[in-house]
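Novice: missing the sequence, but the structure's below:
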């Protein structure tokens with residue numbers, strides 16, 4: 001019994017210690033983000049690595065998700081002769097929820113794992129230590145540009161996901177089921193509010209981008225400098241970031257829409 005209690009205490013202390021280290025890491029990373037603005041080329045390069053290279057999977061996934069939403073939405077709304085509201089329902093679902101959440105999950109799986117593996121390998125090959133020996137701050141040269149890339153890329157990817165999703169649902173509704181295209185678009189445009197729907201979705205994607213990038217970079221920076229350590233850190237990144245997105249989505253939805261739904 002005593003050993004069991006000790007193991008619980010040790011696990012709790014380890015968790016608190018890791019959270020403290022993650023907080024200190026975020027503190028240094030934010031200061032590194034400010035100083036890296038003097039080198040915009042580093043930010044552009046990382047936006048290409050984590051954003052542009054993730055665009056294909058996000059766009060393809062958004063297109064098929066939109067088609068599925070159009071298909072399922074039509075079958076449900078046709079029971080109440082409300083097919084004309086299909087565009088509004090799909091747009092609100094994508095802009096408010098599926099756009100930021102699914103794009104965030106895809107971003108965590110593709111870009112987050114790549115960031116962890118990259119930073120972990122730099123640590124394993126002592127590149128970060130070499131930078132410190134040459135008086136180069138890794139948080140300014142390595143961590144900061146990747147933080148900016150995550151913050152900038154995920155909102156843009158989420159917007160692409162939502163836009164392509166609406167296109168996919170439009171194709172299904174208009175071409176497959178014969179819904180009037182003008183009615184589809186006009187009701188959607190009237191029902192979607194920029195400040196209440198679109199802006200809240202952008203805020204969600206910004207927070208998801210910050211959290212996913214933070215987790216990915218911290219796991220890589222704190223990984224054991226071995227091949228197995230980097231592999232485990234990459235797995236932890238995907239699992240932790242995905243669960244964090246889902247948990248944060250509930251909290252943010254409750255704060256943004258809880259009083260009005």
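Specialist: Arrived safely, thanks for sending. Quantities reported herein were computed from a predicted structural model and do not represent experimental measurements. Numbering: from 1, shown residues only.
Novice: Quickly find the element holding the spatially most central residue of the chain.
Specialist: Centroid-nearest residue in the chain, with CA atoms, centre = their mean: residue 104, separated by 2.5 Å. Using DSSP states H and E, residue 104 maps to helix 99-107.
Novice: Now the next helix or strand after that helix: buried residues?
Specialist: Counting by DSSP H and E, the element after helix 99-107 in chain order, helix or strand, is helix 113-124. Using 16 or more other CB atoms under 10 Å as the test for burial, helix 113-124 gives 113-120, 122-124. Glycine gets a C-beta too; all of them are placed from N, C-alpha and C.
Novice: which SS state does residue 135 fall under?
Specialist: coil (DSSP: H, G, I helix; E, B strand; the rest coil).
Novice: and the lengthiest helix in the chain, what other elements does it pack with?
Specialist: Ranked by residue count under DSSP state H, the longest helix found in the chain is helix 2-35. In terms of contacts (3 or more CB pairs under 8 Å, 6 or more residues apart in numbering; DSSP states H and E), helix 2-35 is packed against helix 144-170, helix 199-221.
Novice: Now do that helix, average pLDDT.
Specialist: For helix 2-35, mean pLDDT is 76.
Novice: Pull out the buried positions in the very next helix or strand once past it.
Specialist: Later in the chain than helix 2-35, the nearest helix or strand by DSSP H and E is helix 40-47. Within helix 40-47, the residues that count as buried by 16+ other CB under 10 Å are 42-43, 46-47.
Novice: List the contacts of helix 40-47.
Specialist: With contact meaning CB atoms under 8 Å, 6 or more residues apart in numbering, helix 40-47 is reached by 36-37, 141, 144-146, 148-149, 152-153.
Novice: Out of those, which is nearest to residue 100?
Specialist: Nearest to residue 100 among the contacts of helix 40-47: residue 153, at 12.9 Å, using CB to CB.
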